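Novice: output the structure for:
(chains A and B)
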Number of protein chains: 2
Amino acid sequence: SYRPYRIDGPVAVVGVGLTGASWGALFAANGRRVRFFDQDSSVAAAGLERARAFVSFLIEHGLADAELAATGLQHLEICTEIEMAVQDVVFVQEAVYDSYEAKMAVFKAIDQSAPRYALISSSSSGLSISKIQTATTCPERCLSGHPYNPPHLIPVVEIAPGELTDPQAIKAARAFYTSVGKIPVVLRREVPGYLANRMSAALWREAINLVLSGVAGVEDVDNAIRYGPGLRWAVMGPHILYHLGGGEG
Amino acid sequence: SYRPYRIDGPVAVVGVGLTGASWGALFAANGRRVRFFDQDSSVAAAGLERARAFVSFLIEHGLADAELAATGLQHLEICTEIEMAVQDVVFVQEAVYDSYEAKMAVFKAIDQSAPRYALISSSSSGLSISKIQTATTCPERCLSGHPYNPPHLIPVVEIAPGELTDPQAIKAARAFYTSVGKIPVVLRREVPGYLANRMSAALWREAINLVLSGVAGVEDVDNAIRYGPGLRWAVMGPHILYHLGGGEG
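Specialist: You can find the predicted model right below:
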């Protein structure tokens, strides 16, 4: 157990654009009761439809347990008030647009209505959870849960604590995300770009440099990754690769 | 046609350690007549056995046309003299160890005995083809054909010209490698690390930095690639990804 946090139970998604709808699909496909809230009711309706389509896709491609997903689909619902959406959940995934004003207002509202045992996780890619969590009375349960989009298809989720986050909340978040089929990776502190985007950016800088300096064309640079190390990186990470690599013979 | 070069016909592999044996397996699996030469007869014998095992693996896993590969296997042979190995081939893949002395001696011998229409390609990862080709009387047909190991499994081959290489030879090499199932990428000039290893190195520096600076553990850094962008890089290159990426929503 991860006291005072709970990981079994309903889940809310706040902000259900593309990323939020995808999160909701993932949770529903894993049998969770999911409540959607969006300030814009037309976005909420579109998000619900999109999430249903994502769940169907997962079932059709054998990526979800059909029985669990059917249960999730059955309970996937829109709440018209944020209080109703979060009142009895164990986990809130926030996915509103990247603005401190918007996210802090949302975190404040969630914190006021969600049970004390619920975790509140931000999908933010560019904002600091250390700052966002100061909008709440219970900052220790707030964390970053940054997806690599779309979260219902790409397994990794990057968990990062804010300065005021409880280490137990990080452990509970890892367990929660694992329970819905994610591969969580945990950062010991916030860094811009988390892990995956920082490494992508490094790869990119070199790719762009190779093209701009005239060494090779765009297509060839892409193919050098796609049909070379990219095939391995999908199976083994870069460090594991290092230990296996025995030179070029 | 790629006059004066030919791309249809027998192939020689000179130096049949792990990389050379893998090259030979690829050529044989695509129905080519393949001649192996290695200065060390026990290495040649081991290379032949290894290549046969690789071809069998490709057939068993549906990665080779069984009929073509059977033809290739039937004709896979060791030549005890380099002259015999290369005398009637259209393509020579050199895969001896990375030493200028060894490679230049081998290129000189190949150049003396191979038909004028044959290309000579070096597997070297760290040496300059501009220097190696000076050992021949026909440097314009010499080029780098750098594999990402093992070449019978990883599709990419990085083609680079030396200063004296004929552009027609580069075109012919691209066509030859394509004909045996490779994905060739062409560098306009030699650069250390070619394309794939330069981009790998950039990714790595960031991965190592993330671990050493205490942001995350080795396993989490690996998983961030393996279960995140690595999945995409195996399907799309980094540039294509850029054009598809629409932000983190």
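Novice: return the list of helices and strands in contact with the particular helix or strand that has residue A:74 in it.
Specialist: Residue A:74 is part of helix A:66-75, with elements assigned from DSSP states H and E. Under the contact definition 3 or more Cβ pairs under 8 Å, 6 or more residues apart in numbering or on different chains; DSSP states H and E, helix A:66-75 sits against helix A:18-29, helix A:41-60. Glycine gets a C-beta too; all of them are placed from N, C-alpha and C.
Novice: those helices: which one's closest to residue A:128?
Specialist: The minimum distance between residue A:128 and these falls on helix A:18-29, with 18.4 Å, by Cβ to Cβ.
Novice: give me every residue that touches residue A:105.
Specialist: Contact partners of residue A:105, counting by Cβ atoms under 8 Å, 6 or more residues apart in numbering or on different chains, are residue A:135.
Novice: go again using 10 Å as the cut-off
Specialist: A:39, A:82, A:96, A:99, A:135 (Cβ atoms under 10 Å, 6 or more residues apart in numbering or on different chains).
Novice: mind checking how far the spatially most central residue of chain A is from chain B?
Specialist: With distances taken as Cα atoms, centre = their mean, residue A:147 lies nearest the centre of chain A, 3.0 Å away. Residue A:147 sits 8 Å away from chain B, going by Cβ to the nearest Cβ, to the nearest Å.
Novice: isn't that residue right up against residue A:180?
Specialist: No. Using Cβ atoms under 10 Å as the test, residue A:147 is too far from residue A:180 to be in contact (11.8 Å).
Novice: hang on, residue A:216 in a strand?
Specialist: No. Going by DSSP: H, G, I helix; E, B strand; the rest coil, the assignment for residue A:216 is coil, not a strand.
Novice: now it: closest residue in space, sequence neighbours ignored.
Specialist: residue B:187 (5.1 Å; Cβ to Cβ, 6 or more residues apart in numbering or on different chains).
Novice: residue contacts, that neighbour?
Specialist: Here residue B:187 is in contact with A:210, A:214-217, A:220-221, A:224, B:144, B:146, B:158-161, B:170, B:194-195 (criterion: Cβ under 10 Å, 6+ apart).
Novice: repeat that for residue A:159.
Specialist: Residue A:159 touches A:121, A:143-146, A:165, A:169-171, A:173-174, A:176-177, A:182, A:184-187, A:194, B:216, B:220, counting by Cβ under 10 Å, 6+ apart.
Novice: at 7 Å what do you get?
Specialist: Residues near residue A:159 by Cβ atoms under 7 Å, 6 or more residues apart in numbering or on different chains: A:143, A:144, A:145, A:170, A:173, A:174, A:184, A:185, A:186, A:187.
Novice: next step: those restricted to helices.
Specialist: Of the contacts of residue A:159, the ones assigned to helices by DSSP state H are A:170, A:173, A:174.
Novice: which of the residues you listed tops the neighbour count?
Specialist: The most neighbours of any of the ones in helices among the contacts of residue A:159, using other Cβ atoms under 10 Å in any protein chain shown, belong to residue A:173, which has 28 neighbours.
Novice: what are the ranges of the strands in chain A?
Specialist: Here chain A has its strands, by DSSP state E, at A:11-14, A:34-37, A:77-78, A:91-94, A:119-122, A:142-147, A:156-161, A:183-186.
Novice: nearest to residue A:2, out of these?
Specialist: Of the strands of chain A, the one closest to residue A:2 (Cβ to Cβ) turns out to be strand A:119-122, at 8.9 Å.
Novice: please name every helix or strand in contact with that closest one.
Specialist: For strand A:119-122, the packing partners by 3 or more Cβ pairs under 7 Å, 6 or more residues apart in numbering or on different chains; DSSP states H and E come out as strand A:91-94, helix A:100-113, strand A:142-147, helix A:167-179.
Novice: between the third one and helix A:100-113, how big is the angle?
Specialist: Spelled out, that is strand A:142-147. Relative orientation of strand A:142-147 versus helix A:100-113 (axes from the mean of the first three to the mean of the last three Cα atoms, to 10 degrees): 120 degrees.
Novice: give the other helices and strands that strand A:142-147 contacts.
Specialist: strand A:119-122, helix A:129-132, strand A:156-161, helix A:167-179.
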